[in-house]
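In: Next come a sequence and a model predicted from it.
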Amino acid sequence: MNLESLTQATGEWLKGTGPESDIVMSSRVRLARNLAQFPFVGRASEQERGEIEQFLREQIATAPIGKDLEYIDVGQLEEVDRQFLVERQLISREHAEAQGARSVAIDRVEQVSLMINEEDHLRIQCMHSGLDLAGVWEQIRVVDEQIGKVVPYAFHDRWGYLTACPTNVGTGIRVSVMLHLPALVITRQIDKVFRSLHKISLAVRGLYGEGSQAMGDFYQISNQTTLGRTEEELVEQVGDVVPVLIDYERRAREFLVRETQQNVHDQVSRAFGILRTAQTITAEETMQLLSRVRMGVLLGLIGDINIADINSLLVQTQPAHLQKLRGVELDTKDRNIERARYLRKHFESAGGATSPN
Amino acid sequence: MKCQQCDKPAVFHITELESGEVRELHLCEGHAQAYLNQAEAGGGQEQEAGGPLTVSQTADELAVLDKKACDMCGVTFFEFRNQGRLGCPHDYVQFEKELEPLIANIHGATRHTGRRPDRAGSDLPEATEQLTGVIGLRREMQEAINREDYERAQEVRDEIRTIEARWLGPRST
């Protein structure tokens, strides 16, 4: 697959479409699967990893999904290209940084991705824009079923699907939604919300990176347990909490507009001003400011920009994307200059005057 | 404070009173669970019937357990405890008793209730058991090659092929 063609495309989760897409960026499900006849990846020899990769590739090609997939040999990629796939959420950071034979198969619309030789032999991922867990589950269920017909999954009557780490055993499912919660952050209610999520054993992570401080008010909520409940029950566990969080965020946004209209308008406008005029800017600051502008657009405080535009800027300004767009490798300092230039150019052509109200 | 049985922080502090003697245990969540389950079940296997479980005995048991290795991939329980990753699917069978309290602790459950794979013409639990045998055989073949016992290596290779032909269908070579 040609990575350059992806650079121009808007990934699935950036489309800014789908139900509740003002708050829910994307819905995602992944399944951990292993072959019965090989050791887990961490204990497989270099030769075995090669055999696992080849076996899965050949067998999956015979399934209906096979014809929609294009493979990328992750082991052969330059670091910037691996990072590029991480930024698009098509592979995990672990997969990018691992050693040995490994690959990823992606469908044309970037909804389905299959990581081969990550922590498990096969990680199936499916992602849709907006809130659509039911749709994602239905799609990944079909893909899993098709692959399960052509490869012998390691399965145990009592323990279910067998995984390298016991934390994934059973269903091997991880259901997650990525939410944009700026108003809950501004009104300092976010910690309270997360504490209550932990109590019902849901995990919260930032957009990029394990456990790191969430950047730009984007948070991923996912299930923590995988055994003892059906896939549908686990999808529901995450799905049930989303409307509650959406409601909290909407109310916090209304509160901000009602009680602190001037302040919010000021914050949003300043954020927009910096993005349009800065000469050098870090990825972190960019995300933070884009988050504020995104909220401003949704609150009707800024006109002439659409949400899909802001979503795509969130990824296009990430380090690897910036370098792919520019076509050269850049160090941090030059990246910050290039990022500022890219943003100025983008907003110049996109217009985007503050609305008069 | 560290758990007395591994490097994780001790979160359970248990005081055992037995024949006037006081023993203190400091364990992580996983080991505490294992310890309490054992105590409830009347002690581990190596115990004398009815004898009380003491710190030294659990430590001894753990030392024995740590050396226990998977027949197929050869990973030891010690390696698993350190890395947090199992070696192959057969580990769930080989270490079932040891993994049970750990899995119960993580998931609050010990039985899968979700979907099952349906590969045409094969009874899956049996297929996994048979196919994980290949992992051990492949290791055996490599060892035979290493000691230049090519006759044995050939035999083992044929065994592998038989299993693969039976469970993977005609594609395997």
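Out: Received, thanks.
In: Quick check: residue A:174 touching residue A:30?
Out: Yes. If you go by CB atoms under 8 Å, residue A:174 and residue A:30 touch, sitting 4.9 Å apart. From N, CA and C alone the C-beta is placed, and that goes for glycine too.
In: Let me see the ranges of the helices in the chain.
Out: Since no chain was named, I'll use chain A. A:3-8, A:46-61, A:79-87, A:93-97, A:133-150, A:182-186, A:190-199, A:231-277, A:283-298, A:307-316, A:319-326, A:332-350 (DSSP state H).
In: oops, chain B please
Out: B:29-40, B:55-67, B:77-83, B:91-94, B:96-107, B:124-146, B:150-168.
In: Mind telling me which residue of chain B is nearest chain A?
Out: residue B:109 (2.3 Å; CB to the nearest CB).
In: Wait, that residue touches residue A:233, no?
Out: No. Counting by CB under 8 Å, residue B:109 stays clear of residue A:233, with 11.3 Å between them.
In: how about the residues of the stretch 201-350 of chain A near chain B?
Out: Proximity of the stretch 201-350 of chain A to chain B (CB under 8 Å from any CB of the partner chain) is limited to residues A:225-231.
In: want to throw the helices of chain B into a markdown table with distance to residue A:111 and mean pLDDT?
Out: Below are the helices of chain B laid out as a markdown table (distance: least, CB to CB, whole Å; pLDDT from 0 to 100):
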| stretch | distance to residue A:111 | mean pLDDT |
| --- | --- | --- |
| helix B:29-40 | 38 | 64 |
| helix B:55-67 | 45 | 73 |
| helix B:77-83 | 33 | 92 |
| helix B:91-94 | 32 | 96 |
| helix B:96-107 | 29 | 94 |
| helix B:124-146 | 28 | 90 |
| helix B:150-168 | 30 | 92 |
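In: Quick check: the residue of the stretch 101-250 of chain A nearest chain B.
Out: Closest point on the stretch 101-250 of chain A to chain B, by CB to the nearest CB, is residue A:228, at 2.3 Å.
In: Nearest residue to that residue in space, please, no chain neighbours.
Out: residue B:109 (2.3 Å; CB to CB, 6 or more residues apart in numbering or on different chains).
In: Okay, the one you found and residue B:88: tell me how far apart.
Out: Distance, residue B:109 to residue B:88, by CB to CB, to the nearest Å: 23 Å.
In: Tell me which residue lies nearest the centroid of the chain.
Out: Defaulting to chain A. residue A:89 (4.5 Å; CA atoms, centre = their mean).
In: Switch to chain B, please.
Out: Most central in chain B (CA atoms, centre = their mean) works out to residue B:95, at 2.2 Å.
In: Which residue is the nearest non-sequential neighbour of it?
Out: residue B:77 (6.1 Å).
In: Comparing the helices of chain A, which yields the minimum mean pLDDT?
Out: Lowest mean pLDDT of the helices of chain A: helix A:3-8, a mean of 75.
In: now for that helix, which elements pack on it?
Out: On a contact count with 3 or more CB pairs under 8 Å, 6 or more residues apart in numbering or on different chains; DSSP states H and E, helix A:3-8 meets helix A:79-87, helix A:319-326.
In: Enumerate the positions of the longest one that are buried.
Out: Of all the residues in helix A:79-87, those buried under the rule 16 or more other CB atoms under 10 Å in any protein chain shown are A:80-87.
In: for those, which one is nearest residue B:157?
Out: residue A:82 (36.5 Å; CB to CB).
In: Quick check: nearest residue in space to that closest one, chain neighbours excluded?
Out: Among residues not flanking residue A:82 along the chain, residue A:96 sits closest, at 4.0 Å (CB to CB, 6+ apart).
In: So what's the residue count around the one you found?
Out: Other residues near residue A:96 come to 21 when the count uses other CB atoms under 10 Å in any protein chain shown.
In: Give me the buried stretch members for stretch A:44-56, please.
Out: By 16+ other CB under 10 Å, the buried positions in stretch A:44-56 come out as A:44, A:48-49, A:51-53, A:55-56.
In: Can you add distance to chain B and give the residues you listed back as a markdown table?
Out: A markdown table is the format used below for these (distance: CB to the nearest CB, whole Å):
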| residue | distance to chain B |
| --- | --- |
| A:44 | 9 |
| A:48 | 8 |
| A:49 | 13 |
| A:51 | 10 |
| A:52 | 12 |
| A:53 | 16 |
| A:55 | 9 |
| A:56 | 13 |
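In: On the pLDDT front, check residue A:230 for me.
Out: 97.
In: Report how many residues lie close to it.
Out: By other CB under 10 Å, the burial measure for residue A:230, its neighbour count, is 15.
In: I'd say it and residue B:111 touch.
Out: No. Contact criterion CB under 8 Å: residue A:230 and residue B:111 do not qualify, at 11.7 Å.
In: Domains in chain A, by residue range?
Out: Residue ranges for the domains of chain A, per automatic domain parsing: A:3-252, A:260-354.
In: Highest mean neighbour count out of those domains?
Out: Comparing the domains of chain A by mean neighbour count (mean count of other CB atoms under 10 Å in any protein chain shown), domain A:3-252 comes out on top with a mean of 20.
In: Any idea how far apart the tips of that domain sit?
Out: End-to-end span of domain A:3-252 (CA to CA, to the nearest Å): 40 Å.
In: The residue nearest to the centre of chain A: what's it in contact with?
Out: By CB atoms under 8 Å, 6 or more residues apart in numbering or on different chains, the residues touching residue A:89 are A:11, A:13, A:26, A:28, A:127.
In: what is the orientation angle of the longest strand along chain A with helix A:46-61?
Out: Taking DSSP state E as the criterion, chain A has its longest strand at strand A:24-33. With axes from the mean of the first three to the mean of the last three CA atoms, to 10 degrees applied, the angle from strand A:24-33 to helix A:46-61 works out at 110 degrees.
In: so, in contact with chain B or not, strand A:24-33?
Out: No. Using CB under 8 Å from any CB, strand A:24-33 never reaches chain B; the gap is at least 8.8 Å.
In: which neighbours does that strand have in its sheet, and in what orientation?
Out: Here strand A:24-33 is paired, per DSSP bridges, with strand A:122-129 (antiparallel), strand A:173-180 (antiparallel).
In: what about that strand, average pLDDT?
Out: 96.
In: The residue nearest to residue A:82 against residue A:85, yeah?
Out: Yes. At 6.8 Å, residue A:96 and residue A:85 qualify as touching, with contact defined as CB under 8 Å.
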